[in-house]
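Visitor: quick one, what's the 3D model for this:
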Amino acid sequence: MPATNTLVTGPPRSGKSTLIEEVVNKIKRPATGFFTRELRDKGKRVGFLIATLDGKKGILAHQNIKSRYKVGNYGVNLGDLDQVAVPSMLPCTDDQLVVIDEIGKMECFSRLFKETLLRVLSLDNQVIGSIALKGDHFIQTIKNRDDVALVSISETTRDLALKLFLQEIQG
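Guide: Below is the predicted model:
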């Protein structure tokens, strides 16, 4: 089975999200999905925002959120993840590209996110996204799927990866 889904992986700050955003901006296809963004206060990162391609926003994680789900100093907000990010992953048409930035530890605390991800990866729609370099069994299972092409990047290889990614997407 040919890979219909392309996921980029690499160390933190290697440009995964930037690469995905550049791909989305350069292709001329309808798309749905979400990006994660850093939330900063006076130059200091205090959390992460969810931003869907259709303009919805939510808080993925924040230092001030009290949650039983934590990554470092950040409490994870499963409510916004499930109500903002997850619905954006579901394509409305067969030709819609699905953007998932990112598949990481915070997102994988959500059972709904994981179930929806598995469902979306099995659709005929093409998925592009980023996935954690390291991760638990679920993340490794996603990376090992026959329908997933994994692209590893670093800060120095991001521009070359963009060209290859665009070739793969435009097919």
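Visitor: flag every buried residue along the strand ranked longest in the chain.
Guide: Ranked by number of residues, the top strand in the chain under DSSP state E is strand 31-41. Neighbour counts over strand 31-41 (16 or more other CB atoms under 10 Å) mark A31, T32, G33, F34, F35, T36, L39 as buried. (C-beta placed from N, C-alpha, C; glycine too.)
Visitor: what does stretch 88-107 give?
Guide: Those would be 88-89, 91, 96-107, for stretch 88-107 by 16+ other CB under 10 Å.
Visitor: name the residue closest to the centre of the protein, please.
Guide: Residue closest to the mean C-alpha point of the chain, counted by CA atoms, centre = their mean, is D101 at 1.7 Å.
Visitor: before we move on, the earlier item: quick check, nearest of the buried residues of stretch 88-107 to E115?
Guide: M89 (10.6 Å; CB to CB).
Visitor: the closest one and I103: what is the separation?
Guide: Distance from M89 to I103, counting by CB to CB, to the nearest Å: 11 Å.
Visitor: which neighbours do these two have in common?
Guide: With contacts defined as CB atoms under 8 Å, 6 or more residues apart in numbering, the residues shared by M89 and I103 are L117.
Visitor: so who does L60 touch?
Guide: Taking CB under 8 Å, 6+ apart as the criterion, L60 is in contact with T36, G47, F48, L49, I50, V76, N77, D80, L81, A85, M106, E107.
Visitor: between the helix or strand hosting it and strand 31-41, how big is the angle?
Guide: Using DSSP states H and E, L60 sits in strand 57-62. Using axes from the mean of the first three to the mean of the last three CA atoms, to 10 degrees, the inter-axis angle of strand 57-62 relative to strand 31-41 is 50 degrees.
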